[in-house]
Every structure is written in structure tokens, then in C-alpha cells.
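Trainee: can you look at this prediction? I've put the sequence above it.
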Amino acid sequence: MRVVVATFYKFVKLPDFAEKQQPLLSYCQAQGIKGTILLAQEGVNGTIAGSRHSINSVLSYLRSDPHLADLEHKEALTDSPPFQRMKVRLKEEIVTIGLPEVDPSQKVGTYVSPKDWNAIISDPQVTVIDTRNNYEVSIGTFKGAQNPNTASFRQFPDYVRKQLDPSKHKKVALFCTGGIRCEKASAFMLSQGFEQVYHLKGGILKYLEEVPKQESLWEGECFVFDERVAVSHGLESGSHQMCASCGHPISEVDKTSPKYEEGISCPYCFDSLTEEKRKRQQQKRRQLQLFKMKTQT
């Protein structure tokens, strides 16, 4: 039986978000669900995995709250569970930009459906921007998109202030993994005087799900924040794995590098890896190998 992976978010005022934590965690655990759900005063953001029945039950539970009655979600199927445990965390923001005044529940850019996205980003007057972090962009992005070269979403406002000009960049199209970062990015850009700000509804994941490969302008794979590491068209599992030391996605080509050692290092962290961390990673690898041996006997 294949595992259902559901992702969802909603910007909505949740003044009692802290009180929801334990009941939600208990309900998810009772349903055998694993994954992570973030709760904040500004809303909810989560990725969970489990059986079809369990996923449906948890989504119904969430939607029983009047604030979340219209909660939308996206789904994918995978052959093995992408999470090890269930977590419900309380946060200041469900996606961190570090600007409390940016409120997507009040004003956001213009949503563009996946079927209309190609036309928008093919317009030469539109500046297309990938709002994700550099390590995500490195394994796949839309053709012609700008890479802000950010290490975290907190750096996106500085990129906008330094590299973009509302008087020159009159049409901007934003995209991200599932759509949530673009909600805040578009709200921020509108507050900075940008006139026309578009963003991909449902994010890259919805685009890869709905747009046929032969019509797609997506190049590469899409990084996801679970043990699948990356997905391709049709949301099939991709070819990348994750470095156990630094978390950077690694390709088959990366594995041929002399700086790659399974479970220890990769080309992206080899030069900064301390001897202490190398020893810790070696110990972890030995423990994992022993565990695998025990479970196979």
C-alpha cells in the first residue's frame, strides 16, 4: 500500500493556536500519521504522511475548525514513509520572513493557475523570480528564472530592496515549492510599491502535478522537505539524495566526487567539516549499519 503525503497551509488569524497543539498532536498520533505541522498566530503549515483513511481523518479534523474550514491541500504518493515521527510545533511565523507587518491574510499578489503559468513567465516584460533558497534552486527551477542566491527566506527582502526596482520591474512573477513563501513574498513586494505581482497558485508541486511533461517549462527536480528529497513531473520521487552531514541535496554526479563519503561528507560540506563532526558522522553511520544488520537477521 502506497503512502499518501499531504501538504497544506493557510494564513488565517489563530489566536488560540497554542491551545490547539496537544489535541492536534494526539489526534494525529492516534491516526498513525507522521510528519510536521506548524501552528502560529498567523495560521497553519504542514506536511503529513499516512494511509488514505488516516490522511482524510486528519484533514477533516483540521477543517472542523471554522478558521480552517476551507483549508486546501495537495497530495502525492510514495512507496515508503517519508517521516519518522509526528511533530506539532508552535512558531512565531509559519514561514519565516522576519517582518511582522507583512500579512498575507490582508493582501497578496495575483494567483496564477498552473495551466496559465507558462504564458505569464514567457512574457518578456515579466521578471520571474525563484523565492526559494540557493540549495533548492540548484537542483531545478523554471527556465529563465532569477535566483536570489539566498541562504534563508529572511534574506529575500534584502534581495528585493537591493536588486529590484518598482519603477523598472513593473511585472513580477514569483514561485516556490508549495506556494506559501510566495504569499509572504508577494505581500512584501506590494508593500514596497511593486504594481503587478503574480505568484504560482499551489507552487511548483501543483505545476508538476497538473502540467504535462511535454508542455512543461520546469527544468530539473523540485526539492522537498522530507525523505523523498526531490520530486519530478507527476510528483514521482526524484534521483537526488540528501547529505547526512549538511542536508544538501546530492546528485549521482556529486557522488563521484572524491569529497563524497556516504553518511560523512559531500562536495558542499567537505571543506568546512570539522574533525569533531566527521567523527560524529562516522559514529552515526556505524550505528545505522548495526541497526540495519540487526533488523535483517
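Mentor: Noted; the coordinates are in hand. Treat the numbers as computed from the prediction; the structure is a model and nothing was measured.

Trainee: chain center to stretch 125-138, what's the gap?
Mentor: The chain centroid and the centroid of stretch 125-138 are separated by 13 Å under Cα atoms, centre = their mean, to the nearest Å.

Trainee: tell me the mean pLDDT over it?
Mentor: Averaging pLDDT along stretch 125-138 gives 96.

Trainee: and if you look at stretch 13-24?
Mentor: pLDDT averaged over stretch 13-24 gives 96.

Trainee: domains in the protein, by residue range?
Mentor: 3-90, 110-219, 240-297 (automatic domain parsing).

Trainee: pLDDT weak spots in this protein?
Mentor: 291-297 (pLDDT under 70).

Trainee: could you pull out the strands for the stretch 151-297 of the chain?
Mentor: Per DSSP state E, counting those that start in this stretch, the stretch 151-297 of the chain carries strands over the ranges 171-175, 196-200, 218-220, 222-223, 230-231, 241-242, 249-250.

Trainee: make JSON lines from these and add distance to residue 122 to it.
Mentor: C-betas here are computed from N, CA, C, even on glycine. As requested, these are exported to JSON lines (distance: least, Cβ to Cβ, whole Å):
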{"stretch": "strand 171-175", "distance to residue 122": "10"}
{"stretch": "strand 196-200", "distance to residue 122": "13"}
{"stretch": "strand 218-220", "distance to residue 122": "13"}
{"stretch": "strand 222-223", "distance to residue 122": "20"}
{"stretch": "strand 230-231", "distance to residue 122": "24"}
{"stretch": "strand 241-242", "distance to residue 122": "33"}
{"stretch": "strand 249-250", "distance to residue 122": "28"}
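
Trainee: neighbours around residue 21, how many?
Mentor: 14 (other Cβ atoms under 10 Å).

Trainee: my bad, should have said residue 280
Mentor: Residue 280 has 13 nearby residues by other Cβ under 10 Å.

Trainee: gap between it and residue 84?
Mentor: Look at residue 280 and residue 84: by Cβ to Cβ, to the nearest Å, they are 19 Å apart.
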